[in-house]
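>>> When you get a sec, could you give me coordinates for this:
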Amino acid sequence: MKTLVKLALIASLSTSAIAGELNYNRTLVVADSLGAAASSWPQQLQAIDSSLNVQNNAQGGRKTGDVDLPRDVRCGGWFGGRDCVVLLALGSNDTEYTNLKIASGTRRLIDQAKLLGAVPIIVLPPVHKNSPDMERVRKYITRAAGQRNVRVIDLENVWDDSRLTDGVHPNASLSQDVAFYIYDELIRIKAELGVE
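Residues are numbered from 1 along each chain as shown. Model (predicted):
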């Protein structure tokens, strides 16, 4: 019976966010090492607009299957709610995962964010020269987001391989550009939802 109730709750939460749900009072970033550097895009995002109250839970080596959002939230002292956004910026370490594991891990994280009452948004990892299999990973993350009617911010639109520190991680300048891009996308998403 508990399983049926949980599935019904997940199904009801899989609809798109409605006006009033996206207030940007708190922003949790769950990311891999692309968001973990000293001058990372989550830190830059906080500098752009301190009212976002960004909590960066980025860790190097993270994969979609390794993250447990309720555990991360408790450990970080951050609690969900209708005024919270969860930016799920994972996938760049998932190239050895099967397609099913990528999609199911992404769906699980989206469902966890919704069960916490937060609005999940996928931050899609870029394809860069050192990770050619990322097209496949991106495809299954995007598919999972579509199945849950979750918006996607695609880093491919701003990524520049010539501005990486080690062939993988963004330098401070690229991190800043990524932060401004994500900020603009958050504003666009907010406008689409009709949130003031």
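
>>> Now T64. Nearest residue, chain neighbours left out?
G105 (3.3 Å; CB to CB, 6 or more residues apart in numbering). Glycine gets a C-beta too; all of them are placed from N, C-alpha and C.

>>> how close does the one you found get to T142?
Applying CB to CB, to the nearest Å, the value for G105 to T142 is 14 Å.

>>> Check L115 too.
According to CB to CB, L115 and T142 sit 22 Å apart.

>>> Then S39?
For S39 relative to T142 (CB to CB), the value is 28 Å.

>>> neighbour count winner among L115 and T142?
Taking other CB atoms under 10 Å, L115 and T142 do not tie; T142 has more neighbours (18 against 15).

>>> Could you tell me which helix of the protein is the longest one?
helix 172-192 (DSSP state H).

>>> ok, V150 - contacts?
Residues counted as contacts of V150 (CB atoms under 8 Å, 6 or more residues apart in numbering) are 16, 110, 120-122.

>>> Now K63: which helix or strand?
Secondary structure assigned from DSSP states H and E places K63 in neither a helix nor a strand.

>>> if I read this right, D32 contacts N57, doesn't it?
No. With contact defined as CB atoms under 8 Å, D32 does not reach N57; the gap is 10.6 Å.

>>> Give the residues shared as contacts by the two.
With CB under 8 Å, 6+ apart, D32 and N57 have no common neighbours.

>>> How confident is the prediction for G146, by pLDDT?
pLDDT, G146: 97.

>>> And D49, by the same measure?
Confidence score, pLDDT, at D49: 90.

>>> Could you do D68 as well?
87.

>>> That one: how many residues sit nearby?
Using other CB under 10 Å: D68 sits among 13 other residues.

>>> surely E185 meets V158?
No. Using CB under 8 Å, E185 is not in contact with V158, being 9.6 Å away.

>>> what about R136, helix or strand, and which?
helix 134-147.
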